[in-house]
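>>> Return a 3D structure for these sequence lines:
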Amino acid sequence: MRKLYIAQTNISLSNTSKNADSKELKGINFKSQQKVKHFFNFSNLIFRSWVILLFVVLCESGFAQSIFTNPITGTSITANPYATGQTLNANISSTGIARGSGLSASGANDRYNVTGANSTSLANAISANDFFEFSITPNSCFEIDFTSLVYTSQISTGTINLALRSNVDAYGANINTSTSTTGATFSLSAASFQNITSNITFRLYVWGASAGGTTFSINNFTFNGAVAAFTNMTAGTASSNPTLCINTALTNITRTTTGATGIGTATGLPAGVTAAWAANVLTISGTPTASGTFNYSIPLTGGCGSVNATGTITVTPANTAGTASATPALCINTALTAITHTTTGATGIGTATG
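All right, here's what the predicted structure looks like:
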């Protein structure tokens, strides 16, 4: 950590004589005043430069948060995996540090120690399963944005080679490599390690130890990054809450959704009407074959939260007119006993003819 010290200097300006041809800074002739001014301007520039540099350093190294770390403390550690002492962000989980089947435990205190890292190439190490492994899973509705992996290590003698890979590409390419026996920092800022919503597993392959009995250990490790919650699913307003006649084609009802990947089983729709989802749009369509007031509910799926798209479809029955109450015969200018018809579905009548 750099410490920034700032010294304060007080200089006062005085007029030594009303008739004097020049003013003096105490102890400094006026002829030198401009040089002093330039000096302090230059000092101010240096100070500002230090502030900017300090900000850049903090941005690059100080703002990353530890989301998974283990100082690895314990006696004669051999467990596989080993999770004792690890600290995790509250919204992720991990089984701990593990070793591949090609490496053997070599119990040591305060470090995860192995033998068998003497494959002669990375290809051989991959084939032999010579790796340390870190498996990390975000909780439902959370995502991980990785920044880096930092670890320290040690070897009993000689040199070592390391390569970090992940299941993002089925362990196909190196994320980074190192030949340091004491540790390294691997950047994980690439786009492929952002917005991680399901399990991600990193493997640190090791090879090149001088002999099978050479021990190599991870002494501690930290994954830096951020864990964030997803935005909950949403269902926009229905394009309509229609009223239509039975056996009449429904004008599609649509809703825009966010965060969802599909829908569950719809309830409350009239017979003949169905719901479908594609490309963030929920569509209700069909021809109702039953009448009534239908309050429907359609659950969104695949995202976070519990959201149902709801609305109302009103289907009126077909118009009917019952049998006339009478078909009378009567004399002209004689009052007609009212003839009645019972109707369904109608809200009125038009112009009578005949």
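>>> from here on, contacts and neighbour counts on C-alpha atoms
Will do.
>>> How about S104: which residues does it bridge to?
T115 (DSSP bridges).
>>> gap between it and T214?
Here the criterion is Cα to Cα, to the nearest Å. By it, S104 lies 11 Å from T214.
>>> any shared contact partners between those two?
Residues touching both S104 and T214 (Cα atoms under 8 Å, 6 or more residues apart in numbering) are 115-116.
>>> start to end distance for stretch 286-300?
20 Å.
>>> ok, residues contacting that stretch?
Residues outside stretch 286-300 that contact it (Cα under 8 Å, 6+ apart) are 233, 245-250, 252, 260-275, 306-317.
>>> Geometric centre of this structure: which residue is closest?
In the chain, the residue lying closest to the centroid (Cα atoms, centre = their mean) is E143, at 3.3 Å.
>>> quick one: the helices in the chain?
For the chain, applying DSSP state H gives helices covering 33-61, 122-128.
>>> ranking these by mean pLDDT, which is last?
When those are compared on average pLDDT, helix 33-61 comes out lowest at a mean of 46.
>>> just how off-centre is stretch 244-252 within its chain?
Its chain's C-alpha centre and that of stretch 244-252 lie 42 Å apart, by Cα atoms, centre = their mean, to the nearest Å.
>>> And for stretch 283-299?
Worked out by Cα atoms, centre = their mean, stretch 283-299 lies 35 Å from the chain centre.
>>> roughly how far apart are G322 and I349?
Between G322 and I349 the distance, using Cα to Cα, works out to 14 Å.
>>> typed the wrong thing, it's A278
According to Cα to Cα, A278 and I349 sit 43 Å apart.
>>> of those two, who's got more company?
Higher neighbour count among A278 and I349: A278, with 13 against 6, using other Cα atoms under 10 Å.
>>> for that one, what are its contacts?
Neighbours of A278 in contact, by Cα under 8 Å, 6+ apart: G262.
>>> List the buried residues of stretch 281-292.
Of all the residues in stretch 281-292, those buried under the rule 16 or more other Cα atoms under 10 Å are 281-291.
>>> Turn the residues you listed into a markdown table, including pLDDT and distance to V206.
Shown next, in a markdown table, are the buried residues of stretch 281-292 (pLDDT from 0 to 100; distance: Cα to Cα, whole Å):
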| residue | pLDDT | distance to V206 |
| --- | --- | --- |
| V281 | 98 | 49 |
| L282 | 98 | 51 |
| T283 | 98 | 54 |
| I284 | 98 | 57 |
| S285 | 98 | 59 |
| G286 | 98 | 62 |
| T287 | 98 | 65 |
| P288 | 98 | 66 |
| T289 | 97 | 69 |
| A290 | 96 | 69 |
| S291 | 96 | 71 |
